[in-house]
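1. make a model of this:
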Amino acid sequence: MWALKVSFAGLMVTAIFQVVIVIISSSVALLADTIHNFSDALTAIPLGFAFWLSRRARNKRYTYGYGRAEDIAGVIIVLMIAYSAFEAIRQAVLRFITPEPITNLGWVAAAAVIGFFGNELVAIFRIKVGKEIGSAALIADGYHARTDGFTSLAVLAGAIGVWLGYPILDPLIGLGIGIAILGIVLHTARDMWHRMMDAVDPELYEEFKHTASHVSGVMDVHSAALRWVGHRLWGEMHVTVNCKLSVLEGHRIVEEVRHNLFHEFPALVEVIVHADPCECDKTIEYHPTAHHQFLSAAD
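-> Predicted coordinates:
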């Protein structure tokens, strides 16, 4: 929440300054960049609401809590970025149809430089905090801000081009910014699709199993699964233990597995570990209800 408040304030100050320069210069490239900066700043609102909601305790209806609200906020952010892309493209096309002279090029260049530094500082901050808490939405928003910074540099290039006597560069760069924003939409939409579909990085999944497999007494790890709910991890797995152990001894091994997993994965909020006996006696039916089990394709 602190990261959102600070970055929101920084981007709003940057965007408001750029609005003033757009009014006095009529630069459509700077207008496109300003629209995107406003959009980027306003994404803090649905994300902030989602973070606030995710703090609520689990209950009988929402047994996994409210963390999924963060993923829904990510979808809203994607839609907001998409809108800013289409609006930037529309403004550029209109400027091709009805050209207007660009003035105060020095201020346009200054606004572009300030836009770059403002966005880059926000990007560094959001990405850092997003990685610390495991928030895909906040990380995506950080990379969104970083790309905004590079579009501001494109505005600077356009201003230099106009100053050199090529005014067509202003709407061309405005159009290019809109297309670049569409690229951000595709990248961010892919990341949010992964979260909504409970996808995790394969490396994270392998480390999850690897950590459990190195606990003393664990003979095998199978049927493991992980999912992100907002910026929290939920997991489950089956571990094979010696069938001659007592229930208490098997329970201690399972608790050691849980203990190690919680230490290895700070974002892990809950993990269910089921102990299976090793099938050393061929005369015993160890899984009489096996036809009811869901077997993971990953195993």
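
2. buried set for stretch 23-37?
-> Residues 25-37 are the ones in stretch 23-37 that count as buried (16 or more other Cβ atoms under 10 Å). Any C-beta I mention is one placed from the backbone N, CA and C, and that applies to glycine too.

3. among those, which are located in helices?
-> Using DSSP state H, 25, 28, 29, 30, 31, 32, 33, 34, 35, 36, 37 are the members of the buried residues of stretch 23-37 that sit in helices.

4. farthest-separated two in these?
-> Across those, the longest distance by Cβ to Cβ is 17.1 Å; it joins 25 and 36.

5. quick one on the thing from earlier: with distance to residue 131 and pLDDT added, can I get the ones in helices among the buried residues of stretch 23-37 in CSV?
-> What follows is these, written out as CSV (distance: Cβ to Cβ, whole Å; pLDDT from 0 to 100):
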residue, distance to residue 131, pLDDT
25, 38, 80
28, 36, 72
29, 32, 69
30, 32, 76
31, 33, 79
32, 29, 72
33, 26, 72
34, 29, 79
35, 28, 77
36, 23, 69
37, 23, 74
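
6. and which of those is nearest residue 118?
-> Set against residue 118, the nearest of those by Cβ to Cβ is residue 37 (7.8 Å).

7. tell me if I'm right that the closest one and residue 18 touch.
-> Yes - using Cβ atoms under 8 Å, residue 37 makes contact with residue 18 at a distance of 6.4 Å.

8. okay, and the common contacts of these two?
-> residue 115 (Cβ atoms under 8 Å, 6 or more residues apart in numbering).

9. output stretch 255-263 as CSV, nothing but the C-alphas.
-> The C-alpha coordinates for stretch 255-263 follow below in CSV (Å, rounded to 0.1, in the frame of the first residue of the first chain):
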residue,chain,number,x,y,z
GLU,A,255,5.6,-31.4,10.0
GLU,A,256,9.3,-31.2,9.2
VAL,A,257,8.4,-31.0,5.5
ARG,A,258,5.9,-28.2,6.2
HIS,A,259,8.5,-26.4,8.4
ASN,A,260,11.1,-26.4,5.6
LEU,A,261,8.7,-25.3,3.0
PHE,A,262,7.5,-22.3,5.0
HIS,A,263,11.2,-21.2,5.5
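
10. run through the stretch 151-299 of the chain and note the low-pLDDT ranges.
-> 283, 286-299 (pLDDT under 70).

11. repeat the analysis, applying 50 as the threshold.
-> For the stretch 151-299 of the chain, the stretches with pLDDT under 50 are 296-298.

12. could you dump the buried residues of stretch 23-37 to JSON lines with distance to residue 139?
-> Below are those laid out as JSON lines (distance: Cβ to Cβ, whole Å):
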{"residue": "25", "distance to residue 139": "34"}
{"residue": "26", "distance to residue 139": "36"}
{"residue": "27", "distance to residue 139": "31"}
{"residue": "28", "distance to residue 139": "31"}
{"residue": "29", "distance to residue 139": "28"}
{"residue": "30", "distance to residue 139": "27"}
{"residue": "31", "distance to residue 139": "28"}
{"residue": "32", "distance to residue 139": "24"}
{"residue": "33", "distance to residue 139": "22"}
{"residue": "34", "distance to residue 139": "24"}
{"residue": "35", "distance to residue 139": "23"}
{"residue": "36", "distance to residue 139": "18"}
{"residue": "37", "distance to residue 139": "19"}
